[in-house]
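Visitor: Provided below are the primary sequence and the corresponding predicted coordinates.
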Amino acid sequence: MNPTSTDQAKAPEVENLGLLMHVPLHLTVELGSCKMPVAEILKLGTGSIVELDRAANAPVELLVNNRPIARGEIVAVDESFGLRITELLPFQTST
């Protein structure tokens, strides 16, 4: 079977995509956030509780290079935490 011109045009794209497969990305799971004055932050210590802006049962966000890509729930895996993805978010380009 002879490759078509379309297949030949896609070959460099596939090779270029292969180069990107080993680029490390920074993944973050965001549980929530809050605002605190410096005076309150300086009072924090062992055992302090910081109240976040998210309900305990609300999904958390998975960020790749600070961009949200998915939502999910926190799970325990052996003695570590993990994220079970429950929703993929639509891709948004930066403006």
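Guide: Noted; the coordinates are in hand.
Visitor: tell me which residues in stretch 62-81 are buried?
Guide: Neighbour counts using 16 or more other Cβ atoms under 10 Å place 62-63, 69-72 of stretch 62-81 among the buried residues. Yep, even glycine has a C-beta here, placed from its N, CA and C like the rest.
Visitor: Ok, stretch 40-52 next?
Guide: Result for stretch 40-52 [16+ other Cβ under 10 Å]: no buried residues.
Visitor: Could I get the average pLDDT for that stretch?
Guide: What stretch 40-52 shows for mean pLDDT is 97.
Visitor: That one spans what distance, first to last residue?
Guide: Start and end residues of stretch 40-52 are separated by 14 Å (Cα to Cα, to the nearest Å).
Visitor: from the chain's centre, how far out does it sit?
Guide: 25 Å (Cα atoms, centre = their mean, to the nearest Å).
Visitor: Just the residues contacting that stretch, thanks.
Guide: 31-34, 36 (Cβ atoms under 8 Å, 6 or more residues apart in numbering).
Visitor: pull the CA atoms of stretch 14-34 into PDB?
Guide: Below are the C-alpha coordinates for stretch 14-34, written out as PDB (Å, rounded to 0.1, in the frame of the first residue of the first chain):
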ATOM      1  CA  VAL A  14       3.600  13.100  14.500                       C
ATOM      2  CA  GLU A  15       7.400  13.400  14.900                       C
ATOM      3  CA  ASN A  16       7.000  16.900  16.300                       C
ATOM      4  CA  LEU A  17       4.400  15.600  18.700                       C
ATOM      5  CA  GLY A  18       6.700  12.800  19.800                       C
ATOM      6  CA  LEU A  19       9.300  15.400  20.800                       C
ATOM      7  CA  LEU A  20       6.800  17.100  23.100                       C
ATOM      8  CA  MET A  21       5.900  13.800  24.900                       C
ATOM      9  CA  HIS A  22       8.900  14.100  27.200                       C
ATOM     10  CA  VAL A  23       8.600  17.800  28.200                       C
ATOM     11  CA  PRO A  24       7.900  18.000  31.900                       C
ATOM     12  CA  LEU A  25       4.900  19.900  33.100                       C
ATOM     13  CA  HIS A  26       4.000  21.200  36.500                       C
ATOM     14  CA  LEU A  27       0.800  19.600  37.900                       C
ATOM     15  CA  THR A  28      -0.900  21.100  40.900                       C
ATOM     16  CA  VAL A  29      -4.100  20.000  42.700                       C
ATOM     17  CA  GLU A  30      -5.800  23.000  44.200                       C
ATOM     18  CA  LEU A  31      -7.800  22.300  47.300                       C
ATOM     19  CA  GLY A  32      -8.900  25.900  47.700                       C
ATOM     20  CA  SER A  33      -7.600  29.300  48.700                       C
ATOM     21  CA  CYS A  34      -8.200  32.200  51.100                       C
END
